[in-house]
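Engineer: Could you look at this predicted model? Sequence included:
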Amino acid sequence: MAFTVQNPDQPSPIRAAVGSSVSRKLAADPAVRKARVDTADVFYYPDFLSDAECDALCRLIDAGKRPSTLLTENADPTFRTSESCDLARFSPAVQPIDERIAALLGIAPEHGETMQGQRYAPGQQFRAHHDYFHENQPYWPRMKAEGGQRTWTAMIYLSDVAEGGATWFPQAGIRIPPRKRLLLTWNNMRLDGSPNPLTLHEGTAVTKGVKYIVTKWFREAHWFR
Ligand SMILES: O=C(O)CCC(=O)C(=O)O
Ligand SMILES: [Fe+2]
């Protein structure tokens, strides 16, 4: 049976509205800096967390880590080699940070997926990918039912890494070396609410030290599972 392929580049008024309201909010925040790229909306917030908050999250990630997974199987076993941890949303070490991220972006916390921790030892990486869902893939109907497309991504570096581990956007042309306490956030959509392929990004291999991050993905509708 033929698989119905939706046009993956469709504009969307809902996704466009969240894109512009979050961008406006971040641009008006004196603690936030905008990356100087035209092709994607990328922002930085240095020192978003304290050292103690970072360290507490690292300990939770160490305690709960399991091999990272992908939505679609990839033929390349080296594609995503890190470890991940679903952080308990309502635990005292997680909930206030979860809510602070949502408040920074001005998105209701209900749109956020469970915050995920990632840990990369030397040699581990997450090759170039998009955070948005490819709507022509078999997983899309399930993702659509669980809150729809991912709009914004927020991630926080929880450790300084001795060498390697930069987040690299090869098409937008930016490379962010891990810096403890720094929050990085970007819109996975274009201004018209269609997926922005230029948000392609890679967690490059750590070569020395250990990289810890938390990642938070926001959906266009309330996320639930
Ligand atoms: O590790 C990184 O720098 C990027 C992580 C990432 O892209 C993700 O978790 O979706
Ligand atoms: Fe990603």
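Structural biologist: That came through, no problem. Ligands and ions are numbered 1, 2, ... in the order given.

Engineer: Neighbouring strands - and their directions - for the lowest-mean-pLDDT helix or strand in the chain?
Structural biologist: One helix or strand of the chain scores below all others by mean pLDDT, DSSP states H and E: strand 66-67, with a mean of 90. Strand 66-67 pairs in its sheet with strand 83-86 (antiparallel), by DSSP bridges.

Engineer: Do any residues in the partner strand lie close to ligand 1?
Structural biologist: No: using Cβ under 6 Å from any ligand atom, strand 83-86 stays clear of ligand 1, with a minimum separation of 8.1 Å. Where C-beta positions appear, they are placed from N, C-alpha and C, glycine not excepted.

Engineer: So which bits of that strand are buried?
Structural biologist: Within strand 83-86, the residues scored as buried using 16 or more other Cβ atoms under 10 Å are E83, S84, C85.

Engineer: Please convert those residues to TSV, extending it with pLDDT.
Structural biologist: As requested, the buried residues of strand 83-86 are exported to TSV (pLDDT from 0 to 100):
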residue	pLDDT
E83	93
S84	92
C85	94
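
Engineer: and of those residues, the nearest to F133?
Structural biologist: S84 (17.8 Å; Cβ to Cβ).

Engineer: so who does the nearest residue to the closest one once chain neighbours are set aside touch?
Structural biologist: The shortest distance from S84 to any non-neighbouring residue, by Cβ to Cβ, 6 or more residues apart in numbering, is to S68 (4.2 Å). Counting by Cβ atoms under 8 Å, 6 or more residues apart in numbering, S68 makes contact with R80, T81, S82, E83, S84, Q118, F126.

Engineer: try 6 Å
Structural biologist: By Cβ atoms under 6 Å, 6 or more residues apart in numbering, the residues touching S68 are R80, S82, E83, S84.

Engineer: how close does it sit to D192?
Structural biologist: Using Cβ to Cβ, to the nearest Å, S68 is found at 32 Å from D192.

Engineer: Mind pulling up the pLDDT for the residue of the chain found nearest ligand 1?
Structural biologist: Going by Cβ to the nearest ligand atom, ligand 1 is nearest to G203 of the chain, at 2.5 Å. Note on G203: pLDDT of 98.

Engineer: Point to the residue nearest the middle of this structure.
Structural biologist: T153 (3.6 Å; Cα atoms, centre = their mean).

Engineer: name the element the residue nearest to that residue when sequence neighbours are not counted belongs to?
Structural biologist: Spatially, and ignoring its direct neighbours in sequence, T153 is nearest to D131 (4.8 Å; Cβ to Cβ, 6+ apart). Following DSSP states H and E, there is no helix or strand that holds D131.

Engineer: Fine by me, we can end here.
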